[in-house]
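>>> got a predicted model here, sequence first, then my questions.
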Amino acid sequence: MGTEEPVSMGNQPGGYFGAELSTHERIRFVQSQIRIAIQNHHLLYTRSLAFSKDTDLENHMKILQDLILSLGRTQLELMYQFKLEVKEKHGMSNFENVMRMESRRRAKREPI
């Protein structure tokens, strides 16, 4: 289970009301799915504290862990695709400026 491929979110018809989803919409969808899976995992973990010998809970938690990892890989691929789309649309110099600003923003948030 741990070596599964990322969840497929290809440009398939049948997105919202049958329309194809943009990369940005697909990212938001995957992030929503990650949040739901994490919340469900947290609920199962809380239950497992009370029922420590319940193997069904452990199995469901493992399935959710694998799903979260797969969704994370899908999100990463979509983010790369989105960055390429921004780069193509706005040109390299603007893309580099955005990436520099993003790295500065992250550096400020990380504790030393």
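Yes, it's here.
>>> from now on I want contacts and neighbour counts done on CA atoms only, so please keep to that.
Fine.
>>> flag the shaky bits of this protein, pLDDT-wise.
1-19, 92-95, 110-112 (pLDDT under 70).
>>> mind running it again at 50?
1-3, 10-14, 112 (pLDDT under 50).
>>> remind me what the helix or strand encompassing residue 74 packs against, helices and strands.
Taking DSSP states H and E as the definition, residue 74 sits inside helix 55-90. Packed against helix 55-90 by the contact rule (3 or more CA pairs under 8 Å, 6 or more residues apart in numbering; DSSP states H and E) you find helix 23-50, helix 92-109.
>>> so what's residue 75 up against?
27, 30-31 (CA atoms under 8 Å, 6 or more residues apart in numbering).
>>> check the gap between it and residue 36 for me.
Distance of residue 75 to residue 36, computed by CA to CA, to the nearest Å: 14 Å.
>>> likewise for residue 77?
Residue 77 is 20 Å from residue 36, by CA to CA.
>>> residue 76 - how many residues pack around it?
14 (other CA atoms under 10 Å).
>>> should've said residue 43
Other residues lying near residue 43 total 12 when counted by other CA under 10 Å.
>>> do the same with the one 3 residues further on
By the other CA under 10 Å criterion, the neighbourhood of residue 46 contains 12 residues.
>>> buried set for stretch 32-39?
By 16 or more other CA atoms under 10 Å, the buried positions in stretch 32-39 come out as 33-34, 37-38.
>>> with stretch 71-89 instead?
For stretch 71-89, by 16+ other CA under 10 Å, it's 71-75, 78-79, 82-83, 87.
>>> of these, closest to residue 109?
residue 79 (20.1 Å; CA to CA).
>>> tell me how far the closest one lies from residue 36.
Taking CA to CA as the measure, residue 79 falls 20 Å from residue 36.
>>> again, but for residue 28
12 Å.
>>> please apply the same query to residue 84.
As judged by CA to CA, residue 84 and residue 36 stand 28 Å apart.
>>> what of residue 107?
Distance from residue 107 to residue 36, by CA to CA: 28 Å.
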